[in-house]
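Colleague: could you work out the structure for the sequence below:
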Amino acid sequence: MKRDPVIIIVVAMVVSIMLVFGLHMARRNSARTTPIASLQGKPAPEFTLQSLDGKTVHLSDFRGKGVLLNFWATWCQPCKIEMPWFAELQNRYGPQGLQIVGVAMDDASPEDIGKFAKELGVNYPILVGKEEVGDAYGGVQFLPETFFLARDGKIVGKVFGLKSKSEFEDTIKKILANGEIAQSQK
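Modeller: Next comes the predicted model:
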């Protein structure tokens, strides 16, 4: 069986174009994101997002508080586990200066996000995320991702995925006490 050389050439060209396009997109995406290591100890990237009730919220609105900044999505199973913990931790440590802030990073409507958060007992602000905000935080690729900000707004830690409630609580106590966390938890 003979193969038509024109078909082979067309297939080779299509594959080449796909490879060039893929490499271009990979470079473009890596250029847009900020590596987390370069953010450690620096002021958290400022953002302006809409809350579920339509208010404009700036990260700087929380300056002076220890902030647990949690990127999540309605389809994220680990998020469903940790969000009720965060509600408990907000109740317990809010009076000491903690502010938990959730940033929803999925395509669900604000109404669906609100319903989801209400079902989980969320008692902290939920903001509707944007890709450029995720990019500013190193490209939020895995959910949940949680950043810990000291009272001065500097990033002092980051957690990928689900950790134990006690690990979150220990880190919260440290950022509220002095803004620093142990090297092993960064």
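
Colleague: the residue nearest the centre of the chain: which element?
Modeller: Within the chain, the residue whose C-alpha comes closest to the C-alpha centroid is F71; the distance, by Cα atoms, centre = their mean, is 2.9 Å. Assigned by DSSP states H and E, F71 falls within strand 66-72.

Colleague: just the CA trace of the helix or strand just after that strand, in CSV.
Modeller: Later in the chain than strand 66-72, the nearest helix or strand by DSSP H and E is helix 77-93. Output in CSV follows, covering the C-alpha atoms of helix 77-93 (Å, rounded to 0.1, in the frame of the first residue of the first chain):
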residue,chain,number,x,y,z
GLN,A,77,-13.3,18.4,46.4
PRO,A,78,-10.5,19.4,48.8
CYS,A,79,-12.0,22.9,48.9
LYS,A,80,-15.3,21.5,50.2
ILE,A,81,-13.3,20.0,53.1
GLU,A,82,-11.3,23.0,54.1
MET,A,83,-13.9,25.8,53.7
PRO,A,84,-15.9,24.8,56.8
TRP,A,85,-12.6,24.7,58.7
PHE,A,86,-11.9,28.2,57.5
ALA,A,87,-15.3,29.4,58.7
GLU,A,88,-14.5,28.0,62.2
LEU,A,89,-11.0,29.6,62.2
GLN,A,90,-12.5,32.9,61.1
ASN,A,91,-14.9,32.8,64.1
ARG,A,92,-12.0,31.8,66.5
TYR,A,93,-9.3,34.1,65.3
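
Colleague: quick check: buried residues in helix 77-93?
Modeller: Residues C79, K80, E82, M83, W85, F86, A87, L89, Q90, Y93 are the ones in helix 77-93 that count as buried (16 or more other Cβ atoms under 10 Å). Glycine gets a C-beta too; all of them are placed from N, C-alpha and C.

Colleague: contacts for that helix, please.
Modeller: Helix 77-93 has contacts (Cβ atoms under 8 Å, 6 or more residues apart in numbering) with 66, 68, 70, 72-73, 98-100, 102, 117, 120-124, 143-144, 161-163, 165, 168-169, 172-173, 176.
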